[in-house]
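J.: quick one: sequence plus predicted model below, questions after.
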Amino acid sequence: MRVALLLLAASGCAYLKPAHAPLTTAHVVSGEGACLVVLLPGVGDSPERFAAHGFLDALSNDAAHCDVLVADSHFGHYRAGAITNRLAALLEPRRAQYRAIWLVGVSLGGYGAMLTAREHPQLIDGVVLISPFLGVPRAVAPVAREIEAAGGLSHYHPRPTTLSRPERHFVEVAPLWAWLAEHARDPAAGPRVVLAYGHDDAFAWKHRLLASSPSVSSISAPGAHDWTTFAALFRQVLVRTPWIEPKRET
């Protein structure tokens, strides 16, 4: 595999980038072109973190049939509720090129992967959620109680609801969890979901709630909410083939 690192044209804090800024790719890994993996960083993380922590090397070794893009998705896209449209614009012209497209998101990037899978399932075959953000705790806590009272995610049937405004997605989490519940009952309702998280992550209680879904392939290991843990989890995910296996021709 040939790895070409493309330098970002702009610098500065990811929190301060405007929402209207296009979603660009910071790294490109050219593989055999059968599938595409798009890596999504966490809040405030530069795309270079993936290279620094061995994600690109691991993909080069264990997923040689895939091309890889590292997206410069930043908090401005999320703050404005624009992340799904930005990712869709990145994926739409590439959909016909690949037999499989997977989003791999770390922390906030995992949240963006889920939102995009919910809104644009036709563009994505699967998501890998590494210690994903799942909504602010005060918003998730009552939903968690409802899920537990229902007997688990696959038995959770919330009332249909929509966001009052796109940027309210952090605190109006019912639509996301309703989609996860639908996916728990019928995996064909959306892309495949792989979850990986650390036992000592402050958000592990939310991860365990998602891991209880019968349609989610989950991995957990010692570790907290940090890049050392993220990298170790990703290496475990990579050996769980065929998570990025190309679709067979019908």
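T.: Noted; the coordinates are in hand.

J.: remind me which residues of this structure are low pLDDT?
T.: 1-22, 26-27, 241-242, 246-250 (pLDDT under 70).

J.: what about the helices in it?
T.: 48-52, 55-62, 75-79, 83-91, 108-119, 137-150, 174-185, 204-211, 227-239 (DSSP state H).

J.: next, the buried residues of the last one.
T.: Neighbour-count burial for helix 227-239, counted by 16 or more other Cβ atoms under 10 Å, picks out 227, 229, 230, 231, 232, 233, 234, 235, 237, 238. (Glycine included, C-beta is placed from N, CA and C.)

J.: residue 106 is in contact with the second one, correct?
T.: No: at 10.0 Å, residue 229 does not count as touching residue 106 under the criterion of Cβ atoms under 8 Å.

J.: name the residues contacting each of those two.
T.: residue 131 (Cβ atoms under 8 Å, 6 or more residues apart in numbering).

J.: how far away is residue 47 from residue 109?
T.: 10 Å (Cβ to Cβ, to the nearest Å).

J.: next, the contact list for residue 52, please.
T.: Residue 52 touches nothing, counting by Cβ under 8 Å, 6+ apart.

J.: about what we covered before: between residue 47 and residue 109, which contacts overlap?
T.: Here residue 47 and residue 109 have 39, 41 as joint contacts, going by Cβ under 8 Å, 6+ apart.

J.: more neighbours, the two?
T.: Higher neighbour count among residue 47 and residue 109: residue 109, with 30 against 23, using other Cβ atoms under 10 Å.

J.: grab the nearest non-local neighbour of that one.
T.: residue 40 (3.1 Å; Cβ to Cβ, 6 or more residues apart in numbering).

J.: ok, that neighbour - how many residues close by?
T.: Using other Cβ under 10 Å, residue 40 is surrounded by 31 other residues.

J.: repeat for residue 155
T.: 12.

J.: same deal with residue 178?
T.: Counted with other Cβ under 10 Å, residue 178 comes out at 18.

J.: ok, now how distant is it from residue 47?
T.: 31 Å.
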